[in-house]
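S.K.: please find the sequence and the predicted model below.
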Amino acid sequence: MIGVSTIETENRMKEIAGNLKRDMKDLLGESANIVSGFFKRGACTVRGMADRWKNFTQDISGAVGTLFQPFENALPPAPPPEREPMVTVMESGAPELPVDTRMTLYEAETRITRLNSERWDSDGEPSPVRVAIDYIMEGEQDRYWLPLDIGTGCPSMLDQMEDYVTTCFYHPDVVTQDFYNAPEGLGELLHERFGPQLQDDLEKLSSKVLGFFRQHCTISRMEEQFEAQAEAMPQNGRKQFERSMAETITALRLAANTGRQTPAPQWEQARPIQPEEPPPTYRAKRPQQEEGQAPRRSVKVTLKKIKEGQAANTTPRKGRASPQR
């Protein structure tokens, strides 16, 4: 569990190493391979597991040599905050996608969909491909490794991600199989310390990261529509539209990456502001005035009319007779 102290972890690692007659560094190296395997197989993100690994190895004697070994190249240099997620092919059995191919998330989504279509008449087995997606979400840089299949009937990249993450989430025994294959005592300790991170990351991938990737693809499709619209515009107005278009796309991506609300695009701010209607209290009807009635006269005019009517219709009243006895 997360609350296990580093001293207790160190003592348990020493005990496991003694029981197995293994060197502590070798045991930590084996642990590192198991932990790094989880994010390489798409069961978690790099940052979450790397941070948990640092906490796990903190102050453990002899850990210096292997502390950052599996993670030292896990994250590339941080991209600009308004950057679209980038996809890099890490392993490939598909000649159409050689290793180190780098493209935007939307390019990868459309390219993999096209490759699956082009292989429609092929009877061969799907080609395995593993990609790494680098992104900034809520202002934090992270990387996600995703195993894919390229072939007849295979879904798009993000649809494959959805299927894969859902399967991992509902079949945790398959995801954590490496814990059970670890040497006696080590698997239990690793499961205790890294199991919660796997659960949290799978939930985050399913509920947030996947939607975040789809949001960026939506922005890219909008950018394509803007570009098509610009092509149809006269030359004298195209440059201003393209400048506003670029500012809009940048603002949308920055808002998606930081989680903050984007300001209105410049082309929207330039629109003339229509005067707002007064609040309902200012145009509320008077209680006596009904729909379709003429406006009320002033009190002075009303009193004058009443007096004139009284003067025209008034007749002298007879005095009251005295009561008869």
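M.R.: Happy to help now that I have it.

S.K.: CA atoms for contacts and neighbours, from now on please.
M.R.: Will do.

S.K.: from residue 117, how far out is residue 253?
M.R.: Going from residue 253 to residue 117 by C-alpha to C-alpha, to the nearest Å gives 29 Å.

S.K.: mean confidence for stretch 148-155?
M.R.: Stretch 148-155 comes out with an average pLDDT of 93.

S.K.: quote the end-to-end distance of that stretch.
M.R.: 9 Å.

S.K.: buried sites along it?
M.R.: 148, 149, 150, 151, 152, 154, 155 (16 or more other C-alpha atoms under 10 Å).

S.K.: residue 253 and residue 117 - which one has more neighbours?
M.R.: The residue with more neighbours, out of residue 253 and residue 117, is residue 253; 21 against 18, by other C-alpha atoms under 10 Å.

S.K.: for stretch 92-100, output the C-alpha coordinates as CSV.
M.R.: The C-alpha trace of stretch 92-100 is given here as CSV (Å, rounded to 0.1, in the frame of the first residue of the first chain):
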residue,chain,number,x,y,z
SER,A,92,6.9,-2.4,-35.7
GLY,A,93,6.1,-5.5,-37.7
ALA,A,94,4.5,-3.3,-40.4
PRO,A,95,6.7,-2.1,-43.2
GLU,A,96,4.4,0.8,-43.8
LEU,A,97,5.3,2.1,-40.3
PRO,A,98,9.0,1.8,-39.7
VAL,A,99,10.5,2.3,-36.3
ASP,A,100,11.1,6.0,-35.3
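
S.K.: next, the contact list for the spatially most central residue of the chain, please.
M.R.: For the chain, the residue sitting closest to the mean C-alpha position, by C-alpha atoms, centre = their mean, is residue 212 at 2.9 Å. When contacts are counted by C-alpha atoms under 8 Å, 6 or more residues apart in numbering, residue 212 is found next to 137, 256.

S.K.: quick check: what element follows the helix or strand hosting it along the chain?
M.R.: According to DSSP states H and E, residue 212 maps onto helix 210-231. Counting by DSSP H and E, the next helix or strand C-terminal to helix 210-231 is helix 235-258.

S.K.: quick check: mean pLDDT of that following helix?
M.R.: Here the average pLDDT along helix 235-258 is 91.

S.K.: ditto for stretch 200-211
M.R.: Mean per-residue pLDDT for stretch 200-211: 95.

S.K.: residues touching it, excluding its own?
M.R.: For stretch 200-211, the surrounding residues in contact (C-alpha under 8 Å, 6+ apart) are 43, 44, 45, 48, 137, 158, 161, 162, 165, 166, 168, 169.

S.K.: rerun that using 6 Å as the cut-off
M.R.: Stretch 200-211 is contacted by residues 44, 169 when judged by C-alpha atoms under 6 Å, 6 or more residues apart in numbering.

S.K.: buried stuff in that stretch?
M.R.: For stretch 200-211, the buried set under the neighbour-count rule, 16+ other C-alpha under 10 Å, comprises 201, 202, 203, 205, 206, 209, 210.

S.K.: again, but for stretch 215-227
M.R.: 216, 217, 219, 220, 223, 226.

S.K.: closest to residue 189 among those residues?
M.R.: Distance to residue 189 across those (C-alpha to C-alpha) is lowest for residue 216, with 38.6 Å.

S.K.: so who does that closest one touch?
M.R.: With contact set as C-alpha under 6 Å, 6+ apart, residue 216 has no partners.

S.K.: and it, what's its pLDDT?
M.R.: Model confidence at residue 216, given as pLDDT, is 97.

S.K.: could you do residue 323 as well?
M.R.: On pLDDT, residue 323 comes in at 40.

S.K.: tell me where this structure has helices.
M.R.: Using DSSP state H, the helices of the chain run over residues 6-20, 24-40, 46-57, 105-118, 157-170, 172-175, 177-181, 186-204, 210-231, 235-258, 266-269, 299-313.

S.K.: export these to CSV and tack on distance to residue 124?
M.R.: Putting the helices of the chain into CSV (distance: least, C-alpha to C-alpha, whole Å) gives the following:
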stretch, distance to residue 124
helix 6-20, 45
helix 24-40, 26
helix 46-57, 33
helix 105-118, 12
helix 157-170, 19
helix 172-175, 27
helix 177-181, 29
helix 186-204, 32
helix 210-231, 29
helix 235-258, 39
helix 266-269, 51
helix 299-313, 94
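
S.K.: and those helices, which one's lowest on average pLDDT?
M.R.: helix 266-269 (a mean of 44).

S.K.: how far away is the nearest residue to residue 230 once chain neighbours are set aside from residue 250?
M.R.: If the residues on either side of it in the chain are set aside, residue 230 comes closest to residue 238, at 5.9 Å by C-alpha to C-alpha, 6 or more residues apart in numbering. Distance, residue 238 to residue 250, by C-alpha to C-alpha: 18 Å.
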